[in-house]
Structure formats: structure tokens, C-alpha cells
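Undergrad: sequence plus predicted model, see below.
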Amino acid sequence: MKKIVTLLALVIFGYIFAQAPIIVPNGGFENWSDQNTPTNWNELKIDLGFYALHTVKQSTDAYAGNYSAEIETVDAVLFTLPGILSLSPVNFDIGTFSLTFSHAGVPTQGRKVLSVSGKFKYIPATSDTMVIVVTCTKWNSSTQTRDTIDLSYFMYKFSTSSFQSFQVNLNCVQTPDSMNIVFISSAGYAPQKGTKLLVDEVKATVESGAGIETIDLITPIAYPNPVGDVLYLKNISSEQWAIYDMFGKCVKQGFFIEQTSSIEVHDLPAGSYYLRINDTSIPLIITK
């Protein structure tokens, strides 16, 4: 008999937090570390060292750009493992069937989060339900714990042939310091193998001093990478950029002036670097 975990309940009640270090973009899921890891996002997986069972992979079925994230419920032999994609690393204990998150997600930079929105496509296997959970928290220095400022979610159970819009509305009575977004392909008592949830173009709407502001969690796109001469970029604005070597030394910097721009790197030695644009770090390999 298969042991089934109610993932929605685990997400709501199973958080273990530590402070999140940086803002995480890539809501357009255009940048990937490998076929199963969108940059700055984290999947639920079972890693035995010699074998890894993944629940997330890169998909060319995208609402915009080249890629979306495909989250799939998979067969783990003795049980069915729902697909999970989160801004915080996901920790799953196969022995106790417990689910925790390593940190609180991404910093809100002193702004109230009003909503999280984006595009999704859902392909349930028979009867299944997906859920998108958004949690806003704040560190309590008196108790040395995290207070949940608000938690809200969006659930859906019908099959869609094309991308649809979702929006998770929040009511933060206090200003949180962090926000986490969790996508779950199967949220009920009986997750179905083969259920797929595709997500793309994730954005957060926040309340700032200037009023209501919508933030795209879409990371800049750098190509080609590896690069030998000229690096081209998309999804950027009038922002400063800098290239750092693996020792943390800034070796080159400048400013973008258009949405699509380029950086000449032919004068840098071959090797591994990081391109830094505001709070986004993009691994960069320069060849000769």
C-alpha cells in the first residue's frame, strides 16, 4: 500500500526558516543550471547519490520566451511523489515523509506583497488538484522565530489546453521581510502519477512608497554562454552591471542603456565568472 503525503498541509504547517540571502528572479524560467534546475529555484527530488528522482524539468512549451518549468508527479516505487518547485530549497525526509523549507524565500525589501501572478497550464492524470502557495513572513527578534504575516493559495483541478492566468492575493497586515512561492502539481490525498503543471512569467505586485508596483521575477537572459567575444543580454533595463572572477574581484563593469544590450568580453582571460546585475548573479564562462 502506497503511503501518500498531503502536500498542501505540509507546505502550510511544515516550514523551517532561516534568513534568505538575496533576491531571486527568473520568473520567466529562461535560465537553467541543468535540465532539472531553473536558476535560483529549487525542486523536490530524491537524491540517493547514485540515483536521483526529479520532479521538475525544463520545457519548451512556454507562454513567453523559450522555456517554462514543468512540474510532474512521479512514481517513487513505494509511493507517489508530487512535483514541487519553490524559491526556498525543499527538504523531504523519505523516512518520516516530512517536508520542510530551508529558508524564507526572497527578501521583500520593506514592501508589502499584494499578489503573485503568472501563467500556468495544468494536465492532471484522472482526478487531481494543483496548488500555488505564497507565504509572507517576518523575523521576530524577540522570539527568534519567523512570524507568518500571510499565507494564501490558488487551487485548480481542471485540464487546460493552453496557458491560463493565475493570481494569489495577499492581505499582509504587517510588512513582511520575506516571501516564498511554492508550486505543487498534486496537492491532495491521492496524487496521480503523470500529472503535470507548467508555470511561466511569475510576477509579484507590491505596495511601495510610490504606490502599487508590479515586479517581474524575470531574470536577464545572457547569451551565448560560454562566450568568447560579445555577450548579449535581454530583459534588462537601465541598470549597472559588473563581472566578477571566482575570487570575488570585480574585473569589469558598466551601465545598460537599452532593453537589449551587449558586453564585450574579449579582453578578459578565459575562465569562469559571474555577471552581476543588481541582485541577479549569472554564471558566465569565457572561452578563447
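TA: Thanks, I have it. The model shown is predicted, which means the values in this text are computed figures rather than measured ones.
Undergrad: for residue 269, what are its contacts?
TA: By CB atoms under 8 Å, 6 or more residues apart in numbering, the residues touching residue 269 are 286, 288. Placement of C-beta: from N, CA and C, glycine included.
Undergrad: helices of the stretch 151-288 of the chain, residue ranges please.
TA: For the stretch 151-288 of the chain, applying DSSP state H, counting those that start in this stretch gives no helices.
Undergrad: give me the low-pLDDT residue ranges for it?
TA: 208-220, 235-239, 257-260, 278-281 (pLDDT under 70).
Undergrad: pLDDT weak spots in the stretch 1-150 of the chain?
TA: Applying pLDDT under 70 to the stretch 1-150 of the chain picks out residues 1-25, 94-97.
Undergrad: in it, which spans are helices?
TA: Going by DSSP H, counting those that start in this stretch, the stretch 1-150 of the chain shows helices at 7-13.
Undergrad: which one is the spatially most central residue of the chain nearest to, not counting chain neighbours?
TA: Nearest to the mean C-alpha position of the chain, by CA atoms, centre = their mean, lies residue 41 at 3.5 Å. Closest residue to residue 41 apart from its sequence neighbours, by CB to CB, 6 or more residues apart in numbering: residue 85 at 5.7 Å.
Undergrad: number of nearby residues for that neighbour?
TA: Other residues lying near residue 85 total 25 when counted by other CB atoms under 10 Å.
Undergrad: who's it bridged to?
TA: Going by DSSP bridges, residue 85 is paired in beta bridges with residue 43, residue 183.
Undergrad: surely residue 65 touches residue 30?
TA: Yes: in this structure, residue 65 is within contact of residue 30 by CB atoms under 8 Å, at 5.0 Å.
Undergrad: quick check: neighbours shared by the two?
TA: residue 221.
Undergrad: look at the two and report which has more neighbours.
TA: Using other CB under 10 Å as the criterion, residue 65 and residue 30 rank with residue 30 on top: 25 against 15.
Undergrad: surely the more buried one meets residue 66?
TA: Yes: the criterion here is CB under 8 Å, and residue 30 meets it with residue 66 at 6.2 Å.
Undergrad: who's in contact with the residue nearest to the centre of the chain?
TA: 24, 26, 29, 56, 69, 85-87.
Undergrad: repeat that for 10 Å
TA: 24, 26-27, 29, 31-33, 56, 69, 85-89, 181, 183, 199, 202, 217 (CB atoms under 10 Å, 6 or more residues apart in numbering).
Undergrad: so what sits against both of residue 30 and residue 66?
TA: Joint contacts of residue 30 and residue 66 (CB under 10 Å, 6+ apart) are 58, 221.
Undergrad: among the contacts of residue 41, which ones are buried?
TA: Among the contacts of residue 41, those buried by neighbour count (16 or more other CB atoms under 10 Å) are 24, 26-27, 29, 31-32, 56, 69, 85-88, 181, 183, 199, 202, 217.
Undergrad: looking at these, which are in strands?
TA: 32, 56, 69, 85-86, 181, 183, 199, 202 (DSSP state E).
Undergrad: what is the most widely separated pair among these?
TA: 32 and 181 (17.6 Å; CB to CB).
Undergrad: spit out the contact partners of residue 246.
TA: Residues counted as contacts of residue 246 (CB under 10 Å, 6+ apart) are 271-274.
Undergrad: now render these as CSV, adding neighbour count and distance to residue 144.
TA: Converted to CSV, those look like this (neighbours: other CB atoms under 10 Å; distance: CB to CB, whole Å):
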residue, neighbour count, distance to residue 144
271, 13, 42
272, 11, 38
273, 21, 38
274, 15, 33
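Undergrad: ok, which pair from the residues you listed is furthest apart?
TA: Pairwise over the contacts of residue 246, using CB to CB, the maximum falls at 271 and 274, 11.2 Å.
Undergrad: common neighbours of these two, please.
TA: 245-246, 284.
Undergrad: residue 107: which of those residues is nearest?
TA: Lowest distance from residue 107 to these (CB to CB) belongs to residue 284, with 24.0 Å.
Undergrad: identify the residue spatially nearest to the closest one, adjacent ones excluded.
TA: That would be residue 273: by CB to CB, 6+ apart, it lies 4.4 Å from residue 284.
Undergrad: look up which residues are beta-bridged to that neighbour.
TA: residue 245, residue 284.
Undergrad: tell me the contacts of it?
TA: Residue 273 touches 227, 243-246, 251-252, 265, 282-286, counting by CB under 10 Å, 6+ apart.
Undergrad: okay, the residues you listed in a markdown table with distance to residue 221 next?
TA: Listed next are these as a markdown table, based on distance: CB to CB, whole Å:
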| residue | distance to residue 221 |
| --- | --- |
| 227 | 13 |
| 243 | 16 |
| 244 | 19 |
| 245 | 22 |
| 246 | 22 |
| 251 | 22 |
| 252 | 19 |
| 265 | 16 |
| 282 | 9 |
| 283 | 13 |
| 284 | 13 |
| 285 | 16 |
| 286 | 17 |
